[in-house]
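1. Kindly return the folded structure for what I paste below:
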Amino acid sequence: MFSKFQKASDKARIFLQNKASGAVFPRHLSMTNESSKVQALYDLCRKTFTPSGTPLPSSQAVQRLTSLLDTIGPADVGLKEEQSDDDRGHGFFGLSRLNRVARWAQPITYLDVYECDSFTMCIFCFPTSAVIPLHDHPGMTVFSKVLYGSLHVKAYDWVEPAQIQDSKGPSSFPVRLAKLAVDEVLTVPCETSVIYPQSGGNLHCFTAVTPCAVLDILSPPYREAAGRKCTYYHDYPYLTFSARNGTGIIKGEEDNYAWLAGIETPDDLYMRQGKYAGPAIQV
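-> Here you go, the predicted structure:
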């Protein structure tokens, strides 16, 4: 999973090489409770998910998982909430340009909690202004629980049937039409978000408004051999490209749509591998 989000640079490759050493994220707390919420989450995931991702979890199974995730806080996974004293309460939107640049240079910390053929459990710890760019989850169901802080989520779903066209100019590239599904700030306490292979915002971007952490469950995991490769995208406003045969978009609703173009892994995606220090999972 971590490799799907690695920064395409020498620095990121060094982090990947050092993954086995498990550099400890300094905000972790030591936890060894055997009857933990993490164990209950693992047990429920084992009952719910399959390696193929089909059939999709039933509404009852989704409800059971979200209900449990809604009760989980940072202490349950060995984290201590980070403070944002240097933001003076302004968060992302109140930061000066120089301060934003300094924060963008800070890495997102990725924590492996558990992974098997059926699902991945992981945590992303963001400094203010850190971004996981727009990316997809092909054929996957994803549960996201914000553990602390505030996170801006912008998400799309593909318009079906697919509407694809080529941009014009010397460096033409294909773009595909997508509809905006989510564009909001999630602040703790908030409910668990769920996305599905075709709905709920399967292509999404995370931006940290304040220091924050997100617990993710992805089922099935990214597997390039199985066709589940993570692709990054750039979104263009709907009016950037004129559709050749018309798209059927009602006039006045253009802001709810965008053209997405696949891109290489962004060079400024900066992550480091941390060590999960929450309760151990009994497999």
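
2. ok, residue 151 - contacts?
-> Counting by Cβ atoms under 8 Å, 6 or more residues apart in numbering, residue 151 makes contact with 126, 185-187, 206-209, 212, 214. Yep, even glycine has a C-beta here, placed from its N, CA and C like the rest.

3. so it sits in a helix?
-> No: Residue 151 is assigned strand when assessed by DSSP: H, G, I helix; E, B strand; the rest coil, not a helix.

4. Which strands and helices lie in contact with the host helix or strand of residue 67?
-> For residue 67, the element it lies in under DSSP states H and E is helix 59-69. Counting contacts by 3 or more Cβ pairs under 8 Å, 6 or more residues apart in numbering; DSSP states H and E, helix 59-69 is packed against helix 37-48, strand 141-148, strand 212-219.

5. what residues does that helix touch?
-> Taking Cβ under 8 Å, 6+ apart as the rule, helix 59-69 contacts 37, 40-41, 44-45, 47-48, 57, 143, 145, 191-192, 194, 215, 217.

6. and the nearest residue to residue 201 once chain neighbours are set aside, which of the three is it?
-> Among residues not flanking residue 201 along the chain, residue 155 sits closest, at 2.6 Å (Cβ to Cβ, 6 or more residues apart in numbering). With three-state DSSP as the basis, residue 155 sits in strand.

7. Next, the contact list for residue 155, please.
-> Going by Cβ under 8 Å, 6+ apart, the list of residues near residue 155 reads 180-183, 195, 200-205.

8. can you pull the pLDDT of it?
-> Note on residue 155: pLDDT of 98.

9. buried ones in stretch 251-266?
-> 257-260, 265-266 (16 or more other Cβ atoms under 10 Å).

10. Show me the longest strand that occurs in this protein.
-> When the chain is parsed with DSSP state E, its longest strand is strand 174-187.

11. Just the angle for that strand relative to strand 212-219, thanks.
-> 130 degrees (axes from the mean of the first three to the mean of the last three Cα atoms, to 10 degrees).

12. From the chain's centroid, how far away is the helix or strand following strand 174-187?
-> Using DSSP H and E, the helix or strand that follows strand 174-187 in sequence is strand 193-195. Computed by Cα atoms, centre = their mean, to the nearest Å, the chain-centroid distance of strand 193-195 equals 10 Å.

13. how far out from the middle of the chain is the following helix or strand past strand 193-195?
-> Following strand 193-195 in sequence order, the next helix or strand is strand 203-208 (DSSP H and E). In terms of Cα atoms, centre = their mean, the centre of strand 203-208 is found 6 Å from the chain centre.

14. What of stretch 181-195?
-> That offset, for stretch 181-195, works out to 12 Å (Cα atoms, centre = their mean).

15. ok, and for it, which residues are buried?
-> 181-182, 185-188, 192-195.

16. Confirm for me that residue 275 is in contact with residue 109.
-> No: between residue 275 and residue 109 there is no contact under Cβ atoms under 8 Å: 9.6 Å.

17. Show me which of those two is the more surrounded one.
-> Neighbours were counted for residue 275 and for residue 109 using other Cβ atoms under 10 Å; residue 109 has more, 22 against 15.

18. so what secondary structure elements neighbour the strand or helix carrying the more buried one?
-> Assigned by DSSP H and E, residue 109 falls within strand 108-115. Applying 3+ Cβ pairs under 8 Å, 6+ apart, we find strand 108-115 packed against strand 120-126, strand 271-273.

19. if we can go back for a sec, make CSV out of the buried residues of stretch 251-266 and add pLDDT and distance to residue 151.
-> Listed next are the buried residues of stretch 251-266 as CSV, based on pLDDT from 0 to 100; distance: Cβ to Cβ, whole Å:
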residue, pLDDT, distance to residue 151
257, 95, 23
258, 95, 20
259, 95, 25
260, 96, 21
265, 91, 21
266, 90, 18
